[in-house]
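Engineer: pasting a predicted model and its sequence here:
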Amino acid sequence: MNLKINRKVRKFISHPGLYVRDALINKFPLVLNQCDVQSLTENIIYDTEFNINKGFSPSCNIDVVYTWVSLNDSSWVEKKNSYISNVGDLELYATEDSRYTDHNELYFSILSVNKYLPWVNNIYVVTDEQIPELPALFLNKVKIIDHKEIIPTEFLPTFNSHVIEAYLHKIPGLSDDFIYFNDDFFVAREMDSSHFFRSNGHASLFASAKSIISMNDIGRRTATLSACNNVNELFKRKLNVKYDRAITHTYVPLKKNIITLHLNYLVIG
């Protein structure tokens, strides 16, 4: 006990800044994710998973799909405004500029994928008659997909990300297993394909610590919350189950056959 106290006293005298920093981190641990996992613990969990699963990586091809839009395109802005002006009731923040503003995140996100996920096969960028700036080295690896190629004309134009996401599996040539990225997601460390897809073929599910019930209790109706409630209503009606955890705002591993199965059963069936 005395040794521990003496060690802390020596640290306080020699490195007061580090002492205060570490004391605050111990008292108020950093949580930099939506899973409510402390930062140091998060690294330990991932490193352990990486070491265990690296020898059991899936043998399939894996693509990456981005959705991208830019508010810098005046023609697109004019089109968006002309349609949205006719829509009455919208959720909170549904049409604010931050949803469409481009700070060239896609460019650097693709660089991060190439550096830390070198096993990725093709990269697809889904846009609405727009062409993003892309790293010149990877032009042969990146394919631009227009909304018209995958979404039925009766649903176009669309400015709803949920509509666009519902048709990503229709991308021509897309691998059966793919990872969906928003254009502002970045990969910050090496990750094995087994982090996304298990050797048994299952896709990983990254659940949030957020409670849907608590989100509803706050009383702020956002587009994200409406989507959670709609999915829950669908699950309750079709499967008699209900979930209280939202999906983490991060990359999402997806399987084309599972998407088709769910759409046929939950929506069409």
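Structural biologist: Cool, got the structure. Residues are numbered from 1 along each chain as shown.
Engineer: SS state for Val187?
Structural biologist: coil (DSSP: H, G, I helix; E, B strand; the rest coil).
Engineer: mind checking how far it is from Leu111?
Structural biologist: 9 Å (Cβ to Cβ, to the nearest Å). No exception for glycine: its C-beta is placed from N, CA and C like everyone else's.
Engineer: now swap in Ser199 and tell me
Structural biologist: 29 Å.
Engineer: could you check which of those two has the larger neighbour count?
Structural biologist: Ranked by neighbour count (other Cβ atoms under 10 Å), Ser199 and Leu111 place Leu111 first, with 16 against 13.
Engineer: so who does the more buried one touch?
Structural biologist: Residues near Leu111 by Cβ atoms under 8 Å, 6 or more residues apart in numbering: Pro135.
Engineer: rounded mean pLDDT for whichever helix or strand it is part of, please.
Structural biologist: Using DSSP states H and E, Leu111 sits in helix 105-116. The average pLDDT within helix 105-116 is 95.
Engineer: and it, how far from the chain's centre?
Structural biologist: 14 Å (Cα atoms, centre = their mean, to the nearest Å).
Engineer: helix or strand right after that helix?
Structural biologist: Taking DSSP H and E, what comes next after helix 105-116 is strand 123-127.
Engineer: partner strands of that next one, parallel or antiparallel?
Structural biologist: Here strand 123-127 is paired, per DSSP bridges, with strand 62-67 (parallel), strand 142-146 (parallel).
Engineer: what residues does the first one touch?
Structural biologist: When you say that, I think you mean strand 62-67. In contact with strand 62-67 (Cβ under 8 Å, 6+ apart) are residues 106, 109-110, 113, 117, 119-127, 161, 164-165, 168, 171, 174-175, 177-183, 193, 196-197.
Engineer: mind giving me the ChimeraX select for those, buried ones only?
Structural biologist: What follows is the ChimeraX syntax for the buried subset of those, where burial is set by 16 or more other Cβ atoms under 10 Å:
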select :106,109,110,113,117,120,122,123,124,125,126,127,164,165,168,171,174,175,177,178,179,180,181,182,183,193,196,197
